[in-house]
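Asks: quick one, what's the 3D model for this:
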Amino acid sequence: FHVTGVQTCALPICDIAQSVSRGIRKEFLQQQERLVMRSKQMAKKLQSGRSRAWRHKWVFALVEADFALTAWWLGASPQTFHLYYTVQMAVVMCAKVFDYRITEQHYFLLDFCFFANACTLAWLWIAPTSGYLFNAVESFCGVLALSVPLFRNACVPHDFARISNAYVHYPQVLLVLSMLWSCANGDQSAQCVGIAAGIRESWSI
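Replies: The predicted model follows:
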């Protein structure tokens, strides 16, 4: 009914509406509390010694499998190793972005090693015939290789943080070496055109 032009509701209807609203609010708050409690329980489980041991085991298994596959691929088909390197870097970089975002250390993504690998991927897939870009990519090998001992990128296969730091350094060197070997043995890929152009550009070397 209307009183002085303002629409109101009958008391029973208002009581029902308020009761439903309180019920919905109470249920929402209870769901929030349950979600917070489950999150705390999950965090506690992840921080437990048993959970850490399980993570170390599967990280170790993946790393050892990668070492074996890398060695096999380099020997069996060095001219296609860039395909494996691309997948490898995509996985490693995505994992590092996620890890640094969770630990609020994302400014480490501005480190030179990420830039070097990004440039290497750009040469492989965006401008493979660029001699200048290849010379830049090849020049990164020395810095990345020296960074492994200088920054103590120890090979600890069960420790994700340490092994992932090593992964953003040495695979790029293996990639460049595999491309040089392949092109020296008669491969005619676009990357070999870039390597030949880079050798001719003495000023950029």
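Asks: what helix or strand does the most centrally placed residue in the chain sit in?
Replies: With distances taken as CA atoms, centre = their mean, residue 94 lies nearest the centre of the chain, 1.7 Å away. Using DSSP states H and E, residue 94 sits within helix 81-102.
Asks: try residue 136
Replies: Per DSSP H and E: helix 131-150 holds residue 136.
Asks: what is the distance between that helix and the centre of its chain?
Replies: Computed by CA atoms, centre = their mean, to the nearest Å, the chain-centroid distance of helix 131-150 equals 20 Å.
Asks: give the rounded mean pLDDT of that helix.
Replies: Average pLDDT, helix 131-150: 92.
Asks: helix or strand next in line after that helix, which one?
Replies: Per DSSP H and E, the first helix or strand lying C-terminal to helix 131-150 is helix 160-167.
Asks: report the angle between that next one and helix 131-150.
Replies: Angle of helix 160-167 versus helix 131-150, following axes from the mean of the first three to the mean of the last three CA atoms, to 10 degrees, is 140 degrees.
Asks: tell me the contacts of the residue nearest to the centre of the chain?
Replies: Contact analysis of residue 94 by CB atoms under 8 Å, 6 or more residues apart in numbering lists nothing. Placement of C-beta: from N, CA and C, glycine included.
Asks: tell me where the model's unsure across the protein.
Replies: 1-15, 17, 20, 40-49, 204-205 (pLDDT under 70).
Asks: could you pull up the contacting residues of residue 85?
Replies: Residues near residue 85 by CB under 8 Å, 6+ apart: 120, 124, 171, 172, 174, 175.
Asks: ok, of the residues you listed, which one's closest to residue 35?
Replies: The shortest gap between residue 35 and any of those belongs to residue 171, at 39.8 Å (CB to CB).
Asks: quick check: the closest one touching residue 90?
Replies: No. Residue 171 lies out of contact with residue 90 (CB atoms under 8 Å); the separation is 11.8 Å.
Asks: compare the two (neighbour count), which wins?
Replies: Comparing residue 171 with residue 90 by other CB atoms under 10 Å, the one with more neighbours is residue 171, at 21 against 11.
Asks: which positions within the strand or helix carrying that one qualify as buried?
Replies: Per DSSP H and E: residue 171 is located in helix 170-184. Using 16 or more other CB atoms under 10 Å as the test for burial, helix 170-184 gives 170, 171, 172, 173, 174, 175, 176, 178, 179, 180, 182, 183.
Asks: quick check, nearest of those to residue 22?
Replies: Nearest member of those to residue 22, counting by CB to CB, is residue 171, at 59.2 Å.
Asks: and the closest one, how far from residue 18?
Replies: Computed as CB to CB, to the nearest Å, the residue 171 to residue 18 distance reads 64 Å.
Asks: with only the CA atoms kept, save the helix holding residue 94 in PDB.
Replies: In PDB, the C-alpha atoms belonging to helix 81-102 read as follows (Å, rounded to 0.1, in the frame of the first residue of the first chain):
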ATOM      1  CA  PHE A  81      66.800 -29.200 -30.400                       C
ATOM      2  CA  HIS A  82      65.400 -25.700 -30.600                       C
ATOM      3  CA  LEU A  83      61.900 -27.200 -30.400                       C
ATOM      4  CA  TYR A  84      62.700 -28.900 -27.100                       C
ATOM      5  CA  TYR A  85      64.400 -25.700 -25.800                       C
ATOM      6  CA  THR A  86      61.300 -23.700 -26.600                       C
ATOM      7  CA  VAL A  87      59.000 -26.000 -24.600                       C
ATOM      8  CA  GLN A  88      61.500 -26.200 -21.800                       C
ATOM      9  CA  MET A  89      61.800 -22.400 -21.500                       C
ATOM     10  CA  ALA A  90      58.100 -21.900 -21.700                       C
ATOM     11  CA  VAL A  91      57.600 -24.300 -18.800                       C
ATOM     12  CA  VAL A  92      60.500 -22.900 -16.700                       C
ATOM     13  CA  MET A  93      59.700 -19.200 -17.300                       C
ATOM     14  CA  CYS A  94      56.000 -19.800 -16.500                       C
ATOM     15  CA  ALA A  95      57.000 -21.600 -13.300                       C
ATOM     16  CA  LYS A  96      59.400 -18.800 -12.300                       C
ATOM     17  CA  VAL A  97      56.700 -16.100 -12.900                       C
ATOM     18  CA  PHE A  98      54.300 -18.100 -10.700                       C
ATOM     19  CA  ASP A  99      56.900 -18.700  -8.000                       C
ATOM     20  CA  TYR A 100      58.100 -15.100  -7.900                       C
ATOM     21  CA  ARG A 101      54.600 -13.700  -7.900                       C
ATOM     22  CA  ILE A 102      53.600 -16.000  -5.000                       C
END
